[in-house]
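Participant: All I have is the shape, not the residue letters:
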């Protein structure tokens, strides 16, 4: 999804890019950095050097303020590296054995540039759905082991304590509270399922995190959410992401294509409770994203890009939740047809 507005590149940011070029020994910067599509969490730019083309990601300060965030990135990039042996991955370049570079309290990651872009929902075809299903199957079958892989993090009740000074968001939030409580209740109900049958995976393999080139080859990007996840939840959640349209309605044909393609390489049996657990685990991810964006609104000035993104993403999430909830019976019915 495109940025709400082009990220502002300050002189200090340009200096940092030049410092990164020197540190990574990737040549002298030749072009002005161009903002990349995406940008819902971090600021990302593409630039040319005397050696090749590269992408630099400026990590969001809210992420960098979290304890042990550097360790987290070391681990998730290690996961990306291991899984690159099994599917197409773009992972960060290393600087002194770390997947990041720090200068003047700013943390960046550098990547080789791939000429590709994420697909808009309306451009997704069964071919794309099938390719991602096969990739997820390969990731699960790889069954890699990485020390200290991030565990499952269920949403907390902190969400219900956040208030918004933005009138429309506050009104949407109040209207949605019963549904948010219902989702949290069901996550707790299925906690036993969601905490078992774990595998290391990307955990956020939705269309914005997959680049496609002109030949329809894909590359999975943005591995910072990687970690342990219930296998069935990962299948259900990823299938839903690749089946949604712009109004959050599920294309049942795409859902079926995804689940059947996954089954081709990784036959599974799934029961109704596992489908429901996967669905509510998926909805829990939306609650986590909602919480992050409500805090964006709360912690940033009204004129800032972070504030604007927070408002846009919080509103979109609050609009999506009731639409998604109403479709659970269809998801269950279609999923049960596909799993044998």
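Facilitator: Structure received. If you're wondering where the values come from, they're calculated on a predicted model, not measured in any experiment.
Participant: Quick check: residue 227 vs residue 44, distance?
Facilitator: Separation of residue 227 from residue 44 (CB to CB, to the nearest Å) stands at 22 Å. C-beta here means a position set from N, CA and C on the backbone, and glycine is covered the same way.
Participant: what's the answer for residue 37, then?
Facilitator: Taking CB to CB, one finds residue 37 at 9 Å from residue 44.
Participant: the more surrounded of these two?
Facilitator: Neighbours around residue 37 and residue 44, counted as other CB atoms under 10 Å, are more numerous at residue 44. The numbers are 23 against 13.
Participant: Wait, a helix at the more buried one?
Facilitator: No. Residue 44 is assigned strand when assessed by DSSP: H, G, I helix; E, B strand; the rest coil, not a helix.
Participant: In the beta-sheet assignment, what are the partners of it?
Facilitator: For residue 44, the beta-bridge partners under DSSP bridges are residue 57.
Participant: right, and it touches residue 55 too?
Facilitator: Yes. In terms of CB atoms under 8 Å, residue 44 counts as a neighbour of residue 55; the distance is 6.3 Å.
Participant: shared neighbours of these two, which are they?
Facilitator: With contacts defined as CB atoms under 8 Å, 6 or more residues apart in numbering, the residues shared by residue 44 and residue 55 are residue 36.
Participant: who touches residue 137 in this structure?
Facilitator: 261-262, 264-266.
Participant: What subset of those residues is buried?
Facilitator: Applying 16 or more other CB atoms under 10 Å to those, the neighbour count classes 261-262, 266 as buried.
Participant: mind giving me a markdown table with the residues you listed and columns for distance to residue 205, pLDDT and secondary structure?
Facilitator: As requested, the buried ones among the contacts of residue 137 are exported to a markdown table (distance: CB to CB, whole Å; pLDDT from 0 to 100; DSSP: H, G, I helix; E, B strand; the rest coil):
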| residue | distance to residue 205 | pLDDT | secondary structure |
| --- | --- | --- | --- |
| 261 | 14 | 96 | helix |
| 262 | 12 | 95 | helix |
| 266 | 15 | 84 | coil |
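Participant: Throw the residues you listed into JSON lines and include distance to residue 130, thanks.
Facilitator: Formatted as JSON lines, those follow (distance: CB to CB, whole Å):
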{"residue": "261", "distance to residue 130": "4"}
{"residue": "262", "distance to residue 130": "9"}
{"residue": "266", "distance to residue 130": "13"}
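Participant: Go through those and say which is closest to residue 313.
Facilitator: Set against residue 313, the nearest of these by CB to CB is residue 262 (28.6 Å).
Participant: For the closest one, list the residues it contacts.
Facilitator: 133-134, 136-137, 235, 239, 268.
Participant: Tell me the one of those residues nearest residue 338?
Facilitator: The shortest gap between residue 338 and any of the contacts of residue 262 belongs to residue 239, at 8.9 Å (CB to CB).
Participant: what about that closest one, neighbour count?
Facilitator: Residues near residue 239, counting by other CB under 10 Å, number 28.
Participant: Grab the nearest non-local neighbour of it.
Facilitator: Distance criterion CB to CB, 6 or more residues apart in numbering; nearest residue to residue 239, sequence neighbours excluded, is residue 258 at 4.0 Å.
Participant: Contact partners for the one you found?
Facilitator: Counting by CB under 8 Å, 6+ apart, residue 258 makes contact with 129-130, 132-133, 238-239, 242-243.
Participant: again, only using 7 Å
Facilitator: Counting by CB atoms under 7 Å, 6 or more residues apart in numbering, residue 258 touches 129, 133, 239, 242-243.
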